[in-house]
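>>> need a 3D model of the sequence below.
(one chain, ligands or ions: 1)
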Amino acid sequence: MSTETVTVINNLTGERYELPLRQGTLGPPAVDISSLYQESGLLTYDPGFMSTASCHSSITYIDGEQGILLYRGYPIEQLAAKASFLEVAYLLIYGELPTASELADFEQVIRRHTMLNENLKSFLNGFHYDAHPMAILVGVVGSLSAFYHDSLRINDPRHREISAHRLIAKVPTIAAAAYKHSIGEPIIYPRNDLRYCANLLHMMFATPCEEYRPSLLAERALNLLLILHADHEQNASTSTVRLAASSGANPFACIAAGIASLWGPAHGGANEAVIAMLTEIGRVENIPKYIAKAKDKDDPFRLMGFGHRVYKNYDPRAKILREVCHQVLGELADTNNPLFELAMRLEEIALSDDYFIERRLYPNVDFYSGIIYQALGIPRNMFTVMFAVARTVGWVAHWLEMMSDPNNRIGRPRQIYRGPVKRDYLPISQR
Ligand code: ACO
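Prediction:
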């Protein structure tokens, strides 16, 4: 650890505190304030964690100013162009790219864990027919701990690994089952002869009476989308997983908490919200009206798929997806896709508007992902579910990293209390 320090001076009392600086391999240094309260009685205040590093991590690095995203040091552009999703999953979890035999073994392990306990089906069937697939996903993933309690000793590395494999393998099966339930079709079992993405498409689109052969284009596009969504350091859902895990909760409960956090429109729900917004805008002529709404402080409307807490120049994932969107729509002979045309115009108009320029608001990954999902025939209410399938790998990687850290402590933020000061209870007759 660096011996450099930062001095904090309390101007009210004149007291000075030396706080150590912590430096990672990349990125800005962090002031270590962990001893501040004990030494000074002062808390720090940072709503939304704008300036707070919550942990050490070796998984993903983001440089928001430069638009850089690295998984275990490898640029996202290289992984997106060359790797398979399970290869990236291995990288995120084990820290290194797999050799051919390591990858084959990993694929085999994941394949052998894709089936669900048959009794889970009755739990799934308890959901109302019009339940949102994300609601089903949160519930069913949380319930996995009731079915797979033979691997829940979180202090045993082998148990942790088995749970990690189970989650990566079973979440796609649950995701597809949630979709099947929402359209009233029977669940389709996984097929071990298919690759991960092809299997997911098979479980979503095959029926007992008809086989579904996913096109190579769909498989390739899904592989790319899953890679781009696999991890993104300490975002809201990953931080939720870490906070849940810090109490020693089991991994299935922690990942269910992450899925719940992902669902919101400010996070993973944005891909669904983008398509809803584009559909509502409807025509290019209406764009100025919606831009004006987005700029109006009295109007809660925001341009969905725009802005990012960390990326202030561009989102490298959006840059990749913009290109892929062109390719996918081109190969599907869908270049006149009205939503895509609308999205391109919206992007152009927003990016030349002072409001968006001043606030450095650029399209994020979800601005384009929904259009690709839609072109691949994936229904809108499944977009965030697809994101959850991908991000399960990141959540699991963070959970494993955290669980193997001997310095892990329960996460317990403090607050600035603004409620009433101490007062005495009044009997009801005197109120
Ligand atoms: N449309 C219009 N104005 C916006 C938008 C937007 N999409 N995003 C931010 N702003 C404005 C805010 O009103 C604020 O303006 P002000 O300074 O005049 O008050 C300023 O830009 C800063 O915005 P914050 O909300 O403070 O930024 P924050 O970092 O907290 O939020 C977020 C980031 C949640 C992504 C936000 O940009 C947003 O809501 N975007 C739309 C939803 C979305 O696309 N989410 C997906 C995120 S990526 C992901 O999870 C995969």
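>>> check contacts around whichever residue of the stretch 301-431 of the chain sits closest to the ligand.
Closest residue of the stretch 301-431 of the chain to the ligand, CB to the nearest ligand atom: residue 307 (2.3 Å). All C-beta atoms are positioned from the backbone trio N, CA, C, and that covers glycine. Listed by CB atoms under 8 Å, 6 or more residues apart in numbering, the contact partners of residue 307 are 359, 361-362, 364.
>>> mark which of those are buried, thanks.
The neighbour-count test (16 or more other CB atoms under 10 Å) marks 361-362, 364 as buried among the contacts of residue 307.
>>> out of those, who's near the ligand?
With CB under 6 Å from any ligand atom as the criterion, the buried ones among the contacts of residue 307 include 361, 364 near the ligand.
>>> residue contacts, the residue lying closest to residue 240 once chain neighbours are set aside?
Excluding the flanking residues, the one nearest residue 240 by CB to CB, 6 or more residues apart in numbering is residue 261, at 3.9 Å. When contacts are counted by CB under 8 Å, 6+ apart, residue 261 touches 236-237, 239-240, 267.
>>> which secondary structure element is home to residue 261?
Taking DSSP states H and E as the criterion, residue 261 maps to helix 251-262.
>>> that helix and the ligand in contact?
No - if you take CB under 6 Å from any ligand atom as the test, helix 251-262 misses the ligand, and the best it gets is 7.9 Å.
>>> quick one: average confidence on that helix?
The average pLDDT for helix 251-262 rounds to 98.
>>> does the following helix or strand past it reach the ligand?
Per DSSP H and E, the first helix or strand lying C-terminal to helix 251-262 is helix 270-281. Yes - judged by CB under 6 Å from any ligand atom, helix 270-281 comes into contact with the ligand at residue 270.
>>> so which bits of whichever helix or strand comes after helix 270-281 are buried?
Moving toward the C-terminus from helix 270-281, the next helix or strand (DSSP H and E) is helix 287-295. For helix 287-295, a neighbour-count test (16+ other CB under 10 Å) marks 287, 290-291, 294-295 as buried.
>>> for residue 35, which residues are in contact?
Contact partners of residue 35, counting by CB under 8 Å, 6+ apart, are residue 19.
>>> separation between it and the ligand?
Using CB to the nearest ligand atom, to the nearest Å, residue 35 is found at 29 Å from the ligand.
>>> how about residue 187?
Using CB to the nearest ligand atom, residue 187 is found at 29 Å from the ligand.
>>> quick check on the residue of the stretch 301-431 of the chain closest to the ligand: phi, psi?
When read as degrees, to the nearest 10, the backbone of residue 307 gives phi 90, psi 150.
>>> thinking again about what came up before, can you pick out the most distant pair from the contacts of residue 261?
Using CB to CB, the contacts of residue 261 span at most 10.7 Å, a distance reached by 239 and 267.
>>> quick one: residue 20 is in a helix?
No - membership of residue 20 in a helix is not supported by DSSP: H, G, I helix; E, B strand; the rest coil, which gives strand.
>>> what number of residues lie near it?
17 (other CB atoms under 10 Å).
>>> my guess is it contacts residue 3. True?
Yes - using CB atoms under 8 Å, residue 20 is in contact with residue 3, at 7.5 Å.
>>> how about the residues of this protein by the ligand?
Close to the ligand, as judged by CB under 6 Å from any ligand atom, the chain has residues 48, 266-268, 270, 294, 302-309, 359, 361, 364-366.
>>> filter those to the buried ones?
Among those, those classed as buried by 16+ other CB under 10 Å are 267-268, 270, 294, 302-308, 361, 364-366.
>>> and which of those is nearest to residue 279?
Taking CB to CB as the measure, residue 279 sits nearest to residue 304 out of those, at 11.2 Å.
>>> now the helices for the stretch 101-250 of the chain?
Using DSSP state H, counting those that start in this stretch, the helices of the stretch 101-250 of the chain run over 120-125, 133-147, 157-182, 196-205, 216-229, 236-246.
>>> so which of the ones you listed is nearest residue 93?
Checking those against residue 93 by CB to CB gives helix 157-182 as the closest, at 6.4 Å.
>>> show me what counts as buried in that closest one.
Within helix 157-182, the residues that qualify as buried by neighbour count (16+ other CB under 10 Å) are 159-182.
>>> ditto for stretch 313-325
Neighbour counts over stretch 313-325 (16+ other CB under 10 Å) mark 314-322, 324-325 as buried.
>>> now these in JSON lines, with pLDDT and secondary structure?
Below are the buried residues of stretch 313-325 laid out as JSON lines (pLDDT from 0 to 100; DSSP: H, G, I helix; E, B strand; the rest coil):
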{"residue": "314", "pLDDT": "89", "secondary structure": "coil"}
{"residue": "315", "pLDDT": "92", "secondary structure": "coil"}
{"residue": "316", "pLDDT": "95", "secondary structure": "helix"}
{"residue": "317", "pLDDT": "95", "secondary structure": "helix"}
{"residue": "318", "pLDDT": "93", "secondary structure": "helix"}
{"residue": "319", "pLDDT": "92", "secondary structure": "helix"}
{"residue": "320", "pLDDT": "95", "secondary structure": "helix"}
{"residue": "321", "pLDDT": "93", "secondary structure": "helix"}
{"residue": "322", "pLDDT": "89", "secondary structure": "helix"}
{"residue": "324", "pLDDT": "88", "secondary structure": "helix"}
{"residue": "325", "pLDDT": "85", "secondary structure": "helix"}
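>>> pretty sure residue 279 contacts residue 339?
Yes - Residue 279 is within contact range of residue 339, at 7.3 Å (criterion: CB under 8 Å).
>>> between these two, which one's more packed in?
Set residue 279 next to residue 339 and count neighbours by other CB under 10 Å: residue 339 wins out with 19 against 12.
>>> quick one: the more buried one and residue 368 touch, right?
No - using CB under 8 Å, residue 339 makes no contact with residue 368, being 10.6 Å away.
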